[in-house]
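[1] When you get a sec, could you give me coordinates for this:
(one chain, ligands or ions: 2)
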Amino acid sequence: MFKIVIVGDTGTGKSNLLSRFTKKEFHKDSKATIGVDFATHQIEHDGKTIEAQVWDTAGAERYKAITAAYYRGSIGALIVYDITNQLSFQNCAAWLRELRAHTDPSIVVMLVGNKSDLRHRQKVDVEDAKDFAEDNNLAFIETSALDATNVDLAFETICIEIYRIGACCPLSTVALDPPSTGAAARACTCACNSHAALMATCMQLACNL
Ligand SMILES: Nc1nc2c(ncn2[C@@H]2O[C@H](COP(=O)(O)OP(=O)(O)O)[C@@H](O)[C@H]2O)c(=O)[nH]1
Ligand SMILES: [Mg+2]
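    Ligands and ions are numbered 1, 2, ... in the order given. Below you'll find the model as predicted:
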């Protein structure tokens with residue numbers, strides 16, 4: 001089970017990205033989507049089934065009410081902006097800081113420019129978004145929850161990247177007892193041993209499986 005959190009300004013389409021991915025649904029009225037804490041969806045990769053548990057702020061971002069519990073245990077994240085709203089893009093830096101403050105450094109983060117169906121009203125330059133993503137070591141994609149462009153791809157890419165990083169570390173080489181302590185990391189004997197961030201992911205994967 002991979003816990004993935006979605007953050008970003010209100011109105012950028014977070015809840016609709018979640019409902020599009022997990023239910024193939026889109027809601028014109030955003031209020032209809034508020035209230036869901038998380039939804040799960042399975043993807044097939046490399047002959048295995050990966051279950052993504054995707055968390056939505058459920059409107060809490062309006063009140064700066066997102067708590068540490070929201071982020072806890074997440075190994076992937078989407079930072080969403082609206083391509084027609086420059087401020088929502090500028091605020092991604094703050095969302096990234098918030099994410100970094102509450103999550104493990106090894107978390108796989110993707111910057112998502114949503115509402116790509118509104119290309120004629122685009123305010124955020126794709127090159128600026130790519131630069132921001134590159135500078136901060138994030139993946140980047142533009143999506144549309146409305147017409148479904150790239151939505152599955154965004155979530156699947158995150159899951160596959162998490163899997164790929166973790167897959168370097170077979171469970172058998174990780175000490176599970178005690179879980180989630182430094183002991184597990186030290187006992188990890190695979191090639192990722194030299195990379196602290198990757199090791200942390202290995203630990204998390206081991207603990208979540
Ligand atoms: N045109 C367009 N509208 C969208 C898209 N995604 C969400 N919306 C609309 O934007 C508004 C906010 O969406 P919502 O998912 O509630 O945003 P949240 O506040 O980030 O959860 C709603 O009116 C949605 O119908 C999209 O990809 N394209
Ligand atoms: Mg919402």
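[2] leaving aside the residues next to it on the chain, what's closest to Leu146?
    Nearest residue to Leu146 in three dimensions, chain neighbours excluded: Asp117, at 5.0 Å (CB to CB, 6 or more residues apart in numbering). In short, each C-beta sits where N, CA and C put it, glycine included.
[3] what is the mean pLDDT for the helix or strand hosting Leu78?
    Using DSSP states H and E, Leu78 falls within strand 76-82. The average pLDDT for strand 76-82 rounds to 97.
[4] same thing with stretch 11-20?
    94.
[5] same check, this time on stretch 151-167
    Averaging pLDDT along stretch 151-167 gives 86.
[6] what's the offset of it from the middle of its chain?
    Stretch 151-167 sits 9 Å away from the centroid of its parent chain (CA atoms, centre = their mean, to the nearest Å).
[7] Also stretch 138-145?
    Using CA atoms, centre = their mean, the offset of stretch 138-145 from its chain centre is 11 Å.
[8] Compute the first-to-last residue distance for it.
    End-to-end span of stretch 138-145 (CA to CA, to the nearest Å): 20 Å.
[9] what sits against Thr143?
    Residues counted as contacts of Thr143 (CB atoms under 8 Å, 6 or more residues apart in numbering) are Leu17, Val112, Gly113, Asn114, Ser116, Thr149, Asn150, Val151, Ala154.
[10] of those residues, closest to ligand 2?
    Leu17 (9.3 Å; CB to the ion).
[11] ok, that closest one to ligand 1 distance?
    Distance of Leu17 to ligand 1, given as CB to the nearest ligand atom, to the nearest Å: 7 Å.
[12] Verify the stated contact: that residue with Asn150.
    No. At 10.0 Å, Leu17 does not count as touching Asn150 under the criterion of CB atoms under 8 Å.
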